[in-house]
Every structure is written in structure tokens, then in C-alpha cells.
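# here is a sequence together with a model predicted from it:
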Amino acid sequence: AQKITQTQPGMFVQEKEAVTLDCTYDTSDPSYGLFWYKQPSSGEMIFLIYQGSYDQQNATEGRYSLNFQKARKSANLVISASQLGDSAMYFCAMREPNDYKLSFGAGTTVTVRA
Amino acid sequence: DSGVTQTPKHLITATGQRVTLRCSPRSGDLSVYWYQQSLDQGLQFLIHYYNGEERAKGNILERFSAQQFPDLHSELNLSSLELGDSALYFCASSVTNRGLEAEQFFGPGTRLTVL
């Protein structure tokens, strides 16, 4: 079964606007970690933000914030004030206890328009 | 720059051949993970090593093998290559294999093309 679901294959956003990327996850464990990575066209994977399942507050890192809704099992990434350099593929991933790997979603391609 | 290095950056080879992908983790990181990114399968975990020992296997084919050496660098060996093995292969490292928040730092990847 798919552990991470990203339903938006591609999105367009105007420069300086905010964009929300959806991510839902599936786990029966109360303890888990959620990650977002950015993959520009050059191919490297860049860590953006982390949210732990027991974290009381939504994670924020600069222009990135995570809208974490535990009951809905969703962890949406919000990019504020979009820049042209934000154009990339974005991946949501989860790590569960006693599991070493990251399970990735299919990714969402974001294109920022000037 | 994540501090994880992978060589080669690009590799073009023929079906049936064998290749070795190399990864050097960040200084001090004991865990090395290998992932495969292909158009049809997405990003998939292959295998994890911690301080020289295999800790977990994912969807890794029997034709693929890996090892982590005493200096902590790792190699992924792919043999009897098929067209479907064409993909971007990532190595990632983290300081520990414990802790949900342990960030995995990804290398730039090796793009393998099998002709």
C-alpha cells in the first residue's frame, strides 16, 4: 500500500504568491517523521523541512512551513512568496520507527511564473 | 553541497554489463542509504548500511548488491544490466540510524543509462 500520496502531479504559481503542496500519509504507528525534499532540474535532493508526529507546533523553515493535520494524516507544504528558483519537483517522505528508510511520494512539479 | 559525493556522475553502458557506483558519506556519518529514482517506479529505497553492516533491504533486485567499507564509503554493484535499470541512483547518509528526525543528506546521484 502506498504510504505517501501526493495527488498533484504539477502546479503553476505566480511569482511572489504562496503555493500549497498536498501530502497525505498512511501509518498505524503513533510515532513517525515527515520530510519534504526539493529536487531541481539539476537532480540533487535538497532537504527542506521536518515534522515529527509528536511536535506540538507546525514546522517552519524560512519561506517553508508545514500544515500538519495529524487527524487527517496530512502534511502539506506551504511555500510563501514564491521565487523563480522554487521551480522544481517536491517530494514528501515519511520515516517510521524501526524503519531506516524514507518512503517517498510520487512528487509534485512546481513551476513559478514571472 | 550536501557533503555526500557520488561517482561517476553519468554512466552509459550496455545490457548485460556490470557497473559499480561509489558513494562517500559526509564526514562522521555512519549510515549509508541507496535509492533508485526511475520514471515508472519513482524514488525507491534499495538498501541501508550502518557502520559496515547491512541493516535493511528494500526493493533491491538479486542482480544488485552493495557493501560498506571500513572507511565508510559504499559501493552499489549492478550486474546483468537491463534496459529497465536505467535510473538515477542516489546515495544518502546520516549520522545515525536512530531517531526519526535524523536527516538523510543526499548525494548528487549517478545517472545510469543502459542501452
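Cool, got the structure. Keep in mind that what you see is a predicted model, and the values were worked out from it rather than measured. Numbering: from 1, shown residues only, chains lettered A, B, ... in the order given.

# residue B:20 belongs to a strand?
Yes. Counting by DSSP: H, G, I helix; E, B strand; the rest coil, residue B:20 falls inside a strand.

# any idea how far it is from residue A:22?
Separation of residue B:20 from residue A:22 (C-beta to C-beta, to the nearest Å) stands at 39 Å. (Glycine included, C-beta is placed from N, CA and C.)

# report how many residues lie close to residue 51.
No chain in the question, so chain A it is. Residues near residue A:51, counting by other C-beta atoms under 10 Å in any protein chain shown, number 24.

# should've been chain B
13.

# I'd assumed residue B:30 was in contact with it.
Yes. Applying C-beta atoms under 8 Å, one finds residue B:51 in contact with residue B:30, separated by 4.6 Å.

# pull up the overlap in contacts between the two.
Shared contacts of residue B:51 and residue B:30 (C-beta atoms under 8 Å, 6 or more residues apart in numbering or on different chains): residue B:72.

# now do the strands in the chain.
In the absence of a named chain, this looks at chain A. Ranges of strands within chain A are A:4-5, A:10-14, A:19-21, A:24-25, A:33-39, A:46-52, A:60-61, A:64-69, A:74-79, A:88-95, A:103-104, A:108-113, based on DSSP state E.

# my bad, the chain I had in mind was chain B
In chain B, the strands defined using DSSP E lie at B:5-7, B:10-13, B:19-24, B:31-38, B:42-50, B:53-57, B:64-68, B:74-78, B:87-94, B:105-106, B:110-114.

# got the residues of chain B near chain A?
Residues of chain B lying near chain A by C-beta under 8 Å from any C-beta of the partner chain: B:2, B:31, B:33, B:35, B:42-45, B:48, B:50, B:55-56, B:58, B:88, B:90, B:92, B:97, B:100-101, B:103-109, B:111.

# 6 Å instead, please
B:42-43, B:45, B:48, B:55-56, B:58, B:97, B:100-101, B:103, B:106, B:108-109 (C-beta under 6 Å from any C-beta of the partner chain).

# residue A:20 touches residue A:77, doesn't it?
No. The pair residue A:20 / residue A:77 is not scored as a contact, 7.1 Å apart, by C-beta atoms under 6 Å.

# turn the strands of chain B into JSON lines, including mean pLDDT.
As requested, these are exported to JSON lines (pLDDT from 0 to 100):
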{"stretch": "strand B:5-7", "mean pLDDT": "97"}
{"stretch": "strand B:10-13", "mean pLDDT": "97"}
{"stretch": "strand B:19-24", "mean pLDDT": "98"}
{"stretch": "strand B:31-38", "mean pLDDT": "96"}
{"stretch": "strand B:42-50", "mean pLDDT": "94"}
{"stretch": "strand B:53-57", "mean pLDDT": "92"}
{"stretch": "strand B:64-68", "mean pLDDT": "97"}
{"stretch": "strand B:74-78", "mean pLDDT": "98"}
{"stretch": "strand B:87-94", "mean pLDDT": "96"}
{"stretch": "strand B:105-106", "mean pLDDT": "94"}
{"stretch": "strand B:110-114", "mean pLDDT": "97"}
